[in-house]
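> Let's see this in three dimensions:
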Amino acid sequence: MTAPARVHLGDCIDVMAAMPDQSVDAVVTDPPYAIGIMSQQWDRMEAREFEAWCERWARECHRLLKPGGYLAAFGSARTWHRLAAGIEDAGFNIRDGIAWIYAQGYPPSIDVTEAVEAFHAEGPSTVEPEAPPEDVLTITRWLRAARDAAGWTNKQIDTMFGTNGMAGHWTSNGTQPAIPRIDQWDRLRDALGFDDTEIRELVEQLAATRTWVPGQRKPDERRWFETLRSGAELTGQGQKWGTRLKPAFEPIVLAQKPPRGTITANVRAYGTGALHLESDDKFPTNVAIAEGVDVVGVANPADYWHAFRYTPKAPSDERPTVGGVIHPTPKPLALMQWLVDLITPTGGIVLDPFAGSGSTGVAALMEGRTPILIEREPQYVRIIEHRLAEPIQPSLLAG
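Numbers count the residues shown, from 1 in each chain. Here you go, the predicted structure:
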């Protein structure tokens with residue numbers, strides 16, 4: 001029978017320091033990426049500082065793991081080389097890297113063509129601007145209420161999209177309102193966790209073809225334009241120039257504490273050192289394809305990248321709001337279940353030093369493993385406790 005989860009509030013390095021040597025079988029974790037996500041202070045570090053910090057917490061994980069035990073840690077495409085170096089310097093062997101590929105990424109890119117057009121535009125007008133259409137205000141007021149209900153700020157929304165002040169237009173009560181594109185709207189829905197059924201039709205009607213452009217010089221120059229043709233007036237070709245690629249994968253560092261002797265001897269002595277491969281005739285690969293990702297020239301990607309199929313990103317029912325707080329970066333349960341099952345021995349103990357919203361803990365219980373969760377932020381611990389208190393259905397293959 002699986003032991004109950006243990007949840008610790010505090011800095012993971014301090015909490016782990018009080019735990020006994022060789023007391024866990026695996027580590028599955030999603031540490032900060034040091035990219036300043038959504039202006040969160042806990043995600044801000046300089047590159048060398050981040051690498052040194054990764055070595056400190058990974059060294060404690062190394063001490064706590066049994067010989068041959070594995071560690072799986074999520075990283076960002078921009079900083080995972082520092083993460084891997086820190087883990088390696090802590091004494092681990094880097095065994096592989098898993099690419100989690102999904103289709104929901106959105107580029108926090110600056111629209112350079114649009115910015116240049118604005119730079120070359122005429123100065124501000126002294127003419128009183130016309131009132132925006134009421135249907136536009138219906139959407140922006142609705143989104144403002146959804147933002148407040150989720151406990152977010154416009155600054156957090158701007159940080160998520162890489163914009164400067166655009167969230168103020170999207171949530172305007174009357175001055176210079178703007179409607180997000182439909183892909184932006186869907187990303188807001190997933191992040192804020194709202195149900196847009198009642199307003200979806202209107203959003204699709206307006207966002208699919210036009211965006212309100214605030215601040216024009218004269219009322220008769222105010223215009224609607226197709227967002228997909230951004231840059232057309234500048235280049236004459238409808239080209240788009242920006243500053244980022246669309247994010248479509250997150251790397252997972254797969255590392256191992258060196259075994260003692262041969263793998264066979266290590267497994268017999270400690271129960272750790274082996275990966276749990278699939279029971280059929282296909283090995284799981286180091287590419288995890290999300291449900292709905294198409295690969296050009298490949299009819300069925302799962303035939304080639306046979307890891308698993310899962311819901312990309314975490315759906316709204318895995319993003320609970322507790323005390324007005326929602327965690328900004330939860331991982332999908334199906335992905336965490338697969339990782340826990342891959343590297344944790346049957347009935348083993350899995351540690352997550354950066355528990356966040358508790359996805360590792362829920363996944364571990366579903367897979368018949370015992371989780372130890374550490375989280376520094378009290379508001380996130382409340383989310384973890386809320387999720388662990390919900391009924392958890394064990395996997396049919398657990399254990």
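> hey, let's count contacts and neighbours off CA atoms from now on
Noted.
> Strands of the protein, residue ranges please.
Taking DSSP state E as the criterion, the chain contains strands spanning 6-9, 24-29, 65-74, 93-101, 211-212, 224-225, 249-256, 287-289, 349-352, 370-375.
> Now tabulate these in TSV and tack on distance to residue 43 and mean neighbour count.
Output for the strands of the chain, formatted as TSV (distance: least, C-alpha to C-alpha, whole Å; neighbours: other C-alpha atoms under 10 Å):
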stretch	distance to residue 43	mean neighbour count
strand 6-9	18	16
strand 24-29	15	28
strand 65-74	14	26
strand 93-101	21	17
strand 211-212	33	20
strand 224-225	37	12
strand 249-256	16	23
strand 287-289	25	22
strand 349-352	17	27
strand 370-375	14	25
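> Could you tell me the least trusted of those?
For the strands of the chain, the bottom mean pLDDT is recorded on strand 224-225, which sits at a mean of 33.
> got the strands of the chain as CSV, with distance to residue 335 columns?
Rendered in CSV, the data for these read as follows (distance: least, C-alpha to C-alpha, whole Å):
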stretch, distance to residue 335
strand 6-9, 21
strand 24-29, 11
strand 65-74, 11
strand 93-101, 9
strand 211-212, 36
strand 224-225, 40
strand 249-256, 11
strand 287-289, 9
strand 349-352, 15
strand 370-375, 16
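> Might you report the residue contacts of residue 25?
For residue 25, the contacting residues are 65-66, 69-70, 272, 344-345, 348-351, by C-alpha atoms under 8 Å, 6 or more residues apart in numbering.
> Same check on residue 72?
Contact criterion C-alpha under 8 Å, 6+ apart gives 27-29, 252-255, 339 as the residues in contact with residue 72.
> just residue 207 next, same as before
By C-alpha under 8 Å, 6+ apart, residue 207 lies in contact with 179-182.
> Any regions of the protein where pLDDT drops low?
Where the chain drops to pLDDT under 70, the residues are 1-2, 38-40, 103-132, 175, 208-242, 278-284, 288-315, 395-399.
> Geometrically speaking, which residue is the centre of it?
Relative to the mean C-alpha position of the chain, the nearest C-alpha, by C-alpha atoms, centre = their mean, is the one of residue 329, at 4.1 Å.
> ok so, going back, could the contacts of residue 72 be laid out in TSV, adding distance to residue 52?
As requested, these are arranged in TSV below (distance: C-alpha to C-alpha, whole Å):
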residue	distance to residue 52
27	19
28	20
29	17
252	19
253	16
254	19
255	17
339	25
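> Can you tell me the number of residues neighbouring residue 269?
Residue 269 sits with 12 neighbouring residues when counted by other C-alpha atoms under 10 Å.
> Quick check: it vs residue 275, distance?
Relative to residue 275, residue 269 is positioned 16 Å away (C-alpha to C-alpha, to the nearest Å).
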